[in-house]
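K.L.:
Prediction below, plus the sequence it came from.
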Amino acid sequence: MNMVTFVSRRLVAMVPVLLGVTILTFLLSHVIPGDPARLLVGQKASDEVVKRMREELGLNDPLHIQYWNYLKQLLRGDLGTSIRNRRPVVQDLAERFPASFELTFVSLFICVIIAIPLGILTAVRRNHVVDHVTRVLALLGVSTPVFWWGLLLLLIFYFRLGWLPGPGRIDLAVPPPAGRTGLYILDSLLSRDWRALGSSLRHLVLPAFCLSYVYLAIMTRMIRSSMLDVLNLDYIRTARANGLPERAIIFRHALRNALVPTVTIVGLSFGELIGGAILTETIFAWPGLGSYMVDSVLFLDFPAIMGCTILVCLIYMTANLVVDIAYGFLDPRIRWG
Amino acid sequence: MRIARSVLVLLVVALLVPLQSGRAAETTLVILIPSDVANLDPAFCMDNVEWRQTYVAYDRLVQYDGKSTKVKPMLAESWDISPDGKVYTFRLRRDVKFWDGTPLDANAVKFSFDRVQKMGKGPSEAFTALSEVKVIDAYTVQMVLRHPFAPFLSCLATNGGGIVNPKVMRQAKNGDLAHEYLSTHLMGSGPYKLKEWVRDQHIILEANPNYWGGKPKVSTVVMKIVPEPGVQRMMLLRGEAHIAEGLLIEQIQKLRGEKGIVVVEEPSQYCCYVYINTQRKPLDNPKVRQALAHAVDYQGIIKSVLQGCGTQMRGPIPTGMWGHSESVFQYQRDVAKAKQLLAEAGVEDLRLKILYSDRVPTWAQEVMILQANFRDIGVKLEPEMYAYATMRDKIDRGDFDLCMGVWMPDYADPYMFMTYWFDSTNFGLAGNRAFYSNPKVDALIRKAAVSTSQPERERLYLDAQKIIMQDCPYIFLYQKNYLLAMRSNVKGFVYNPMLTNIYNLLDMWIE
């Protein structure tokens, strides 16, 4: 099977998955006891006012009618209007997604460029000092809560030393770069707005490092163990016996195979971080999807909950697809299909 | 490869280039707020955090006088009230214009109140007594009430009483009375306009230099959204913000005496209490309820949870509100008496559940203290924590034994406590969350609600409070002090207990 057929099949297969996710989320969010109409009109509102609000929000219809109406709307590309702020959910998501995407992308980028060399180094220099130090650092990364790291980083680099800015995506005095993507780094590069670029990069350093640390630890350990597995295989021994230089053995022959599990982790982490970086977003006042999702759930803002779930589901599926395609490139024995 | 290298170099250079200071000019006031707001329509929004923005953008007929809960003229220069208390005639100032230059006249007043009532959302609750708004002439407006309603003037000072520019109707869509537009825009005549609102990042207000009440001294107000209290504290201490709204009590206490920081502490009307479901056995027995009220260590809660920044409530009407009386009975911790009351009620091995959520951060601590207090009188208390929306649903259905609650009045009148909390027609979330019914209390508070004589109302409320304290449908825990940490160069801030989270920006300046 060629790649185009493979990708097309996978795209078709996404439809029932998405449908299933919408049904489950719709049911789950609606069976939770609670009335968004009540939350909306304030605690002192009379029953009559609440009733009118429920009517307006269409909450009085039977559940299957509500779902059917939602589905029809969804097929037109309309995710509905947020109950909480009365704005189109698409607009809310479009404003928050770039912030989350930028943070996630940079965090994982930092992760990968540090984890790969460190993983190789610790595998090659097994049980040496560098391996022990990395093990301790990895342990710290996995076992320390991200909010603690976040506050500590801010305390040192922002509050005490003043080297890096405080929370937010960009300085208040700097207007956000003009551009359509909402990705500040890309937009400021495209519009050659160096001030915005500097400010947004400086604002990105701490949250991106904070977020990447946990995954950095996991990835380093993972690359180390798969490298060790691969380095003990027969074909590596054969390569060594044939007199291939060590550098070529490691980078050309061992690393490619050792990367397969790492690619899986990167793909899954991407989906997880896009909507799940709530703690980092809170500490660094980062206007991303995580805090929007949590607020929506707390408010029982059904259209927003649905919108977020669909978006995160799409991202997961896309990340998985990309990972599967990458397998084919990394390991020729793996065939698409 | 060469391109990649160039981009990398560019990024590093951009990172290292020292920026101009992020601190804005000193005529900019930076307020740190813990979360974004949802809606700005004065006929819709019900939360003080939303009023923070809208209250300074719209003018009202009357306004609170400084720290006092009494009202004084604002748009209305003067007014008359008919002898039967049903007709209010207001004479408007003639020099007021909306931001776009449209004169603010009687038609605009009628439009705004009609709009609030037609929309029928939360803010309309304050105007249920209002039957009709009549335009007498361009600058005279008459409000006719269905029945005398003494708190009416105070209701006009609420956020829902803001006068909106009638030209907003050009933005109306599908008969929404321009609700969608006003949800994200401000269209008033007040001292501040909305300059920019970047969701989840900041809201910027800019001064209206032509304001009829004088040009504001602070030209720009930035509300920056910073959810984490620890980060707010750092920003305040570094001088990157003037006011931090989201600090915890412990953090504020530690900031006292810090150079360049002042802490404002004022008595507020924020009340914390426990609803007792009076319809459930054995809580339908007043003796059991009294026993619970006697078991609570009120001073212990205030000392540990509030670090002393509060006072025990004496009756349902808090201090600072007229109608409060020192002669009302106040429950004190008395374990022996509580045990005796339980014995008299014939109740043994009582197990109760208490409902709360993480919406109010102090509830979890308070529930733990109550658990220990009730254990002393042989009552086992089981905490039940739910998401806020679910908690509210359970309250509305009366599906609880005990439940934590907080309340703040919308306008300065004991009606906000007495009618809402005790009238038997207000069961559930509407206010009477103890599902308490006493015909004598009903009669007293209903009479007080329509009386126009304050001394008579005070007497009626006092009588009602005496009965209520014996019936004990709620455990009145405390009235929390309002605490706000700010830079010491911020001057002119006055806290009004009716306007928590709302700043008197027109009178404030930065030194």
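P.N.:
Nice, I can see it.
K.L.:
Quick one: mean pLDDT over the biggest strand by length in chain B.
P.N.:
Determined from DSSP state E, the single longest strand within chain B is strand B:261-276. For strand B:261-276, mean pLDDT is 95.
K.L.:
Can you give the contact residues for the very next helix or strand once past that strand?
P.N.:
Following strand B:261-276 in sequence order, the next helix or strand is helix B:286-295 (DSSP states H and E). Helix B:286-295 is contacted from outside by B:276, B:278, B:282-283, B:331-335, B:337-339, B:341-342, B:344-345, B:347, B:350, B:373-374, B:376-377, B:379, B:402, B:470-473, B:475, using Cβ atoms under 8 Å, 6 or more residues apart in numbering or on different chains. C-beta coordinates here come from the backbone N, C-alpha and C atoms, glycine included.
K.L.:
Please apply the same query to stretch B:341-350.
P.N.:
When contacts are defined by Cβ under 8 Å, 6+ apart, stretch B:341-350 is touched by residues B:282, B:285, B:287-288, B:290-291, B:294, B:377-380.
K.L.:
Now that we have the residues you listed, which of them are buried?
P.N.:
B:285, B:287-288, B:290-291, B:294, B:377-379 (16 or more other Cβ atoms under 10 Å in any protein chain shown).
K.L.:
How much space separates the residue of the stretch 1-150 of chain B found nearest chain A from B:T54?
P.N.:
As assessed by Cβ to the nearest Cβ, chain A sits closest to B:M46 within the stretch 1-150 of chain B, at 3.2 Å. Computed as Cβ to Cβ, to the nearest Å, the B:M46 to B:T54 distance reads 11 Å.
K.L.:
Compare those two and say which is more crowded by neighbours.
P.N.:
Taking neighbours as other Cβ atoms under 10 Å in any protein chain shown, B:M46 and B:T54 compare with B:T54 leading, 25 against 22.
K.L.:
I figured the more buried one was touching B:N159, is that so?
P.N.:
Yes: with contact defined as Cβ atoms under 8 Å, B:T54 reaches B:N159; the gap is 5.7 Å.
K.L.:
Show me the common contact partners of those two, please.
P.N.:
Residues touching both B:T54 and B:N159 (Cβ under 8 Å, 6+ apart): B:42, B:45.
K.L.:
helices and strands of chain A: which one bottoms out on pLDDT?
P.N.:
Each helix and strand of chain A was given a mean pLDDT (mean pLDDT, DSSP states H and E); the minimum falls on helix A:36-41 at a mean of 74.
K.L.:
residues in contact with it?
P.N.:
Helix A:36-41 has contacts (Cβ under 8 Å, 6+ apart) with A:45, A:49-50, A:53-54, A:57, A:59, A:83-84, A:299-302, B:46, B:121-122, B:388-389, B:392-393, B:396, B:429.
K.L.:
Report whether the expected contact of A:R126 with A:L231 is present.
P.N.:
No: counting by Cβ under 8 Å, A:R126 does not reach A:L231; the two are 9.2 Å apart.
K.L.:
Between these two, tell me which one has more neighbours.
P.N.:
A:L231 (20 against 13).
K.L.:
For the closest residue to that one other than its chain neighbours, which residues are in contact?
P.N.:
With sequence-adjacent residues excluded and distances taken as Cβ to Cβ, 6 or more residues apart in numbering or on different chains, A:L231 is closest to A:A254, at 5.6 Å. Applying Cβ under 8 Å, 6+ apart to A:A254 gives the contacts A:227, A:230-231, A:236.
K.L.:
Counting neighbours, which of those comes out on top?
P.N.:
A:M227 leads the contacts of A:A254 on contacts (other Cβ under 10 Å) with 25 neighbours.
K.L.:
How is that residue classified with respect to secondary structure?
P.N.:
Assigned with DSSP: H, G, I helix; E, B strand; the rest coil, A:M227 falls in the helix class.
K.L.:
what sits against it?
P.N.:
Listed by Cβ under 8 Å, 6+ apart, the contact partners of A:M227 are A:119-120, A:123-124, A:250, A:254-255, A:258.
K.L.:
Could I get the residues you listed in TSV, plus columns for distance to B:D59 and pLDDT?
P.N.:
Shown next, in TSV, are the contacts of A:M227 (distance: Cβ to Cβ, whole Å; pLDDT from 0 to 100):
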residue	distance to B:D59	pLDDT
A:G119	65	89
A:I120	68	88
A:A123	71	88
A:V124	74	85
A:I250	74	85
A:A254	74	85
A:L255	69	84
A:A258	69	83
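K.L.:
which of these lies closest to B:R359?
P.N.:
Comparing the contacts of A:M227 against B:R359 with Cβ to Cβ picks out A:G119 as the nearest, at 44.3 Å.
K.L.:
Determine the number of other residues adjacent to the closest residue to B:L104 other than its chain neighbours.
P.N.:
Excluding the flanking residues, the one nearest B:L104 by Cβ to Cβ, 6+ apart is B:V96, at 4.2 Å. A count of nearby residues for B:V96, using other Cβ under 10 Å, gives 19.
K.L.:
Likewise for B:R359?
P.N.:
Using other Cβ under 10 Å: B:R359 sits among 15 other residues.
K.L.:
Wasn't it part of a helix?
P.N.:
No: assignment of B:R359 by three-state DSSP gives coil, placing it outside any helix.
K.L.:
Would you check how far apart it and B:F435 are?
P.N.:
In terms of Cβ to Cβ, B:R359 sits 21 Å off from B:F435.
K.L.:
and B:N174, how many neighbours does it have?
P.N.:
With other Cβ under 10 Å as criterion, B:N174 counts 6.
K.L.:
Same question for the one 10 residues further on.
P.N.:
B:T184 has 15 neighbouring residues, counting by other Cβ under 10 Å.
K.L.:
which residues touch it?
P.N.:
The contact partners of B:T184, by Cβ under 8 Å, 6+ apart, come to A:87, B:40, B:197.
K.L.:
how far away is the nearest residue to the first one once chain neighbours are set aside from A:P303?
P.N.:
Computed as Cβ to Cβ, 6+ apart, the closest residue to A:R87 that is not its neighbour in sequence is A:T81, at 6.7 Å. Distance check for A:T81 against A:P303: by Cβ to Cβ, it reads 6 Å.
K.L.:
which of those two has more neighbours?
P.N.:
Counted by other Cβ under 10 Å, A:T81 and A:P303 do not tie: A:P303 has more neighbours, with 24 against 20.
K.L.:
nearest residue to that one other than its sequence neighbours?
P.N.:
A:G80 (3.4 Å).
K.L.:
mind checking the backbone torsions on that neighbour?
P.N.:
Dihedral angles of A:G80 (phi, psi; degrees, to the nearest 10) stand at phi 90, psi -180.
K.L.:
all strands for chain A, in order.
P.N.:
So, for chain A - with DSSP E - there are no strands.
K.L.:
and what of the stretch 151-300 of chain B?
P.N.:
For the stretch 151-300 of chain B, the strands defined by DSSP state E, counting those that start in this stretch occupy B:192-198, B:202-207, B:220-225, B:243-244, B:261-276.
K.L.:
ok, the closest residue to A:L11 other than its chain neighbours - contacts?
P.N.:
Excluding its sequence neighbours, the residue lying closest to A:L11 (Cβ to Cβ, 6+ apart) is A:L321, at 7.9 Å. A:L321 is in contact with A:7, A:10-11, counting by Cβ under 8 Å, 6+ apart.
K.L.:
Same list (these) but as JSON lines, adding neighbour count and pLDDT.
P.N.:
Below are these laid out as JSON lines (neighbours: other Cβ atoms under 10 Å in any protein chain shown; pLDDT from 0 to 100):
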{"residue": "A:V7", "neighbour count": "15", "pLDDT": "84"}
{"residue": "A:R10", "neighbour count": "16", "pLDDT": "85"}
{"residue": "A:L11", "neighbour count": "12", "pLDDT": "88"}
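K.L.:
any idea which of these is closest to B:P191?
P.N.:
A:L11 (55.4 Å).
K.L.:
wait, B:L104 sits on B:P166?
P.N.:
No: counting by Cβ under 8 Å, B:L104 stays clear of B:P166, with 9.6 Å between them.
K.L.:
So these two - more neighbours on which side?
P.N.:
Using other Cβ under 10 Å, the more surrounded residue of B:L104 and B:P166 is B:L104, with 25 against 21.
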